[in-house]
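Peer 1: Take a look and give me a structure for this.
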Amino acid sequence: MSYIGKVELKASDIRTSGVITISGGSTNQVTLGGSPPSVQTVVLTINGVTQATNTYTIAGSTLTLASGYFTDGDTV
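Peer 2: Modelled structure (predicted):
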């Protein structure tokens with residue numbers, strides 16, 4: 001009999017885009033290592049601070065900050 005409902009994620013299900021270090025000026029976009037299914041499936045940290053999901057959007061593999069910019073030396 002199959003199970004209908006929420007399936008718990010395992011550590012092996014978690015993927016990372018790695019660390020992106022901003023260089024070359026200010027920008028409000030970064031390119032991720034893949035295309036996540038939705039903004040709710042992404043945990044974005046900037047310099048170690050976790051950002052709320054309403055502060056950025058995702059279209060394909062491009063993450064865009066709703067307001068503000070990444071600057072040189074930021075770690076995403």
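Peer 1: quick one: low-confidence parts of this structure?
Peer 2: Low-confidence segments of the chain (pLDDT under 70): 1-3, 9, 11-14, 17.
Peer 1: Can you show me the strands along it?
Peer 2: Secondary structure of the chain, counting by DSSP state E: strands at 29-31, 45-46, 49-50, 56-59, 62-65.
Peer 1: CSV for these, including distance to Thr16?
Peer 2: Just so you know, the C-beta spots here come from the backbone N, C-alpha and C atoms, and that holds for glycine as well. Output for these, formatted as CSV (distance: least, Cβ to Cβ, whole Å):
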stretch, distance to Thr16
strand 29-31, 14
strand 45-46, 11
strand 49-50, 14
strand 56-59, 15
strand 62-65, 14
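Peer 1: These: which one's closest to Val7?
Peer 2: Ranking the strands of the chain by distance to Val7, with Cβ to Cβ as the measure, places strand 56-59 first at 22.5 Å.
Peer 1: Direction included, what does the closest one pair up with?
Peer 2: Partners of strand 56-59 in the sheet, by DSSP bridges, are strand 62-65 (antiparallel).
Peer 1: Asn28 against Thr62, yeah?
Peer 2: No. Applying Cβ atoms under 8 Å as the test, Asn28 and Thr62 come out as separate, 10.4 Å apart.
Peer 1: Run a quick neighbour tally on Glu8.
Peer 2: Burial of Glu8 is recorded as 5 neighbouring residues (other Cβ atoms under 10 Å).
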